[in-house]
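K.L.:
I need the structure of the sequence given here:
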Amino acid sequence: MKKGLYGCYAPTYDMVEQASMRALLDIGRGLGIVTDVNRSRLTVRLSSGSEILCRSLDDPEHARGPNLSGAWLDEASLMPREAFEIVIASLRQGGQQGWLSATFTPKGRSHWTYEVFGQGRGDTALYTARTRDNPFLPSEFYDTVRAQYPGHLAAQELEGEFIDIEGGLAKREWFQIVDAAPANARRVRYWDFAATLPVAGRDPDWTVGTLLAESDGIWYVLDVVRVQAGPGSVEALVRQTAALDGPDVPISMEQEPGAAGKLFTAAMIKALASYAARAEPASGDKATRAMPWLAQAEAGNVKLVRGPWCAAWLDEITAFPGGSHDDQVDSMSGAYAALVQSSSLTESELLEAVRAWR
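P.N.:
You can find the predicted model right below:
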């Protein structure tokens, strides 16, 4: 790398500090070319005399100002196109045209990264790296992760391909309609809350409670209730549903962030004092949380027990992530995670957990 000023950019400050800059330092120190690191200013100096500025592009305007000899966009598909346009216009140090490198996971052919890098435009080159080709990953890593992704998404996430996802991530034919689930199936009811009343011109989120069961590796969606209502009506619905499900069905719910969310969840737990109810914060984005059970669905392992809720459920699931609502998706993801977590407990641990819930 010739002497000059360079930019290292990531979508957020956390990604700059915890991923991009860390990778940059690992490589630079391995080559013995890092001479100074200023973590407060997020700069790195090299033995060639070059300086690298590490910056977040959560606001693309942060890229304005310096004239650069080169730039690296890390996780470029998570950045808006405006960020790319601002950075590429800054590649002009010393009156010379600089270079730009972008690393990213493809996000489909409608994404700006495909238009810029994926169509063989002049002065661009595209290199595809598959997950299985990474020599630094454990031998079982690919197969473990592949089992969590539907096939078309695996092509994108693991094979590095630009694909068109027509409609949503799931297909209707994945879900067989059955008349009943096995009597001995493990069950859980998971609530995704949205205590908001509908008003003219607005279609707010739904409160959704999904009753999910599992038996011999087959997952059964037994029942889904949902409502657009205020907190009082939501609490009444949750208590009524718990009484219908019975005391043997554990109840799980998302711990909403913020003080108001915590107060609401605490009130719901108190209202369900006679049941095994608990709340946990959700982690990861909606699509990531849905991937494990969507992979099961693609394999034919998710079945719907016939009911009046099935049509609306399929409409939403097969439109995700492009649909107007994703509350039933979130509720299903929470229910699946709750059952998976409970299956990893020993019998004594499970009994202790139930006593703790009570």
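
K.L.:
Tell me which stretches of this structure form helices.
P.N.:
13-15, 21-31, 81-88, 112-117, 141-146, 151-157, 231-245, 258-271, 286-298, 310-319, 327-343, 347-357 (DSSP state H).

K.L.:
most packed of the ones you listed?
P.N.:
Mean neighbour count (mean count of other C-beta atoms under 10 Å) peaks for helix 327-343 among the helices of the chain, with a mean of 22. Where you see a C-beta, it was placed from the backbone N, CA and C, and this is true even at glycine.

K.L.:
and that one, how far from the chain's centre?
P.N.:
14 Å (C-alpha atoms, centre = their mean, to the nearest Å).

K.L.:
swap in stretch 98-112?
P.N.:
19 Å.

K.L.:
Find the residue closest to Gly230 in space, skipping its chain neighbours.
P.N.:
Nearest non-adjacent residue to Gly230, counting by C-beta to C-beta, 6 or more residues apart in numbering: Leu197, 5.2 Å away.

K.L.:
now Arg186
P.N.:
Glu214 (5.2 Å).

K.L.:
The one you found and Val188: what is the separation?
P.N.:
Glu214 sits 9 Å away from Val188, going by C-beta to C-beta, to the nearest Å.

K.L.:
Could you list the low-pLDDT ranges of this protein?
P.N.:
Counting by pLDDT under 70, the ranges of the chain that qualify are 1, 150-153, 164-168, 195, 198-201, 257-259, 343-358.

K.L.:
I'd like to know how many residues surround the residue nearest to Asp36 when sequence neighbours are not counted.
P.N.:
Among residues not flanking Asp36 along the chain, Arg45 sits closest, at 4.1 Å (C-beta to C-beta, 6+ apart). Using other C-beta atoms under 10 Å, Arg45 has 16 neighbouring residues.

K.L.:
could you list every residue that touches Arg45?
P.N.:
By C-beta atoms under 8 Å, 6 or more residues apart in numbering, the contact list for Arg45 reads Val34, Thr35, Asp36, Val37, Glu51, Ile52.

K.L.:
do Ala287 as well
P.N.:
Leu169, Phe320, Pro321.

K.L.:
What about the residues you listed, which are in strands?
P.N.:
Assigned to strands by DSSP state E, none of those qualify.

K.L.:
Quick check on the residues you listed: which are buried?
P.N.:
For the contacts of Ala287, a burial check counting by 16 or more other C-beta atoms under 10 Å picks out Leu169, Phe320.

K.L.:
tell me which of the contacts of Ala287 is nearest to Pro11?
P.N.:
Pro321 (18.1 Å; C-beta to C-beta).

K.L.:
does that closest one really touch Gly108, like I thought?
P.N.:
No - with contacts counted by C-beta atoms under 8 Å, Pro321 stays clear of Gly108, the gap being 11.2 Å.

K.L.:
on that earlier part again, ok, the residue nearest to Asp36 to Trp191 distance?
P.N.:
Distance from Arg45 to Trp191, by C-beta to C-beta: 53 Å.

K.L.:
you'd agree Ala295 is up against Val145?
P.N.:
No - Ala295 is beyond contact range of Val145, at 10.0 Å (criterion: C-beta under 8 Å).

K.L.:
Against Asp143, how distant is the residue nearest to Tyr142 when sequence neighbours are not counted?
P.N.:
Spatial nearest neighbour of Tyr142, excluding adjacent residues (C-beta to C-beta, 6+ apart): Arg132 at 4.5 Å. To Asp143, Arg132 is 9 Å away according to C-beta to C-beta.

K.L.:
if I pick Val145, what's in contact with it?
P.N.:
With C-beta under 8 Å, 6+ apart, Val145 has these contacts: Thr131, Glu157, Leu158.

K.L.:
That should have said Thr105, apologies.
P.N.:
Glu75, Ser77, Gln156, Glu157, Gly160.

K.L.:
Please repeat the previous calculation with a cut-off of 7 Å.
P.N.:
Thr105 makes contact with Ser77, Gln156, Glu157, according to C-beta atoms under 7 Å, 6 or more residues apart in numbering.

K.L.:
all strands of the stretch 101-250 of the chain, in order?
P.N.:
Per DSSP state E, counting those that start in this stretch, the stretch 101-250 of the chain carries strands over the ranges 176-178, 186-192, 207-215, 218-227.

K.L.:
would TSV of those strands with mean neighbour count be doable?
P.N.:
Listed next are the strands of the stretch 101-250 of the chain as TSV, based on neighbours: other C-beta atoms under 10 Å:
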stretch	mean neighbour count
strand 176-178	12
strand 186-192	23
strand 207-215	24
strand 218-227	21
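
K.L.:
so the residue nearest to Arg186 bridges to which residues?
P.N.:
Bridge pairing for Glu214 (DSSP bridges) gives the partners Arg186, Trp219.

K.L.:
Return the distance of it relative to Thr288.
P.N.:
Taking C-beta to C-beta, one finds Glu214 at 21 Å from Thr288.

K.L.:
try Ala271
P.N.:
31 Å.

K.L.:
now Ala71
P.N.:
28 Å.

K.L.:
shared neighbours of Glu214 and Val188, which are they?
P.N.:
In contact with both Glu214 and Val188: Leu339, using C-beta under 7 Å, 6+ apart.

K.L.:
so what's the residue lying closest to Gly49 once chain neighbours are set aside up against?
P.N.:
Excluding the flanking residues, the one nearest Gly49 by C-beta to C-beta, 6+ apart is Lys3, at 4.4 Å. Lys3 sits next to Ser48, Gly49, Ser50 when contact means C-beta under 7 Å, 6+ apart.
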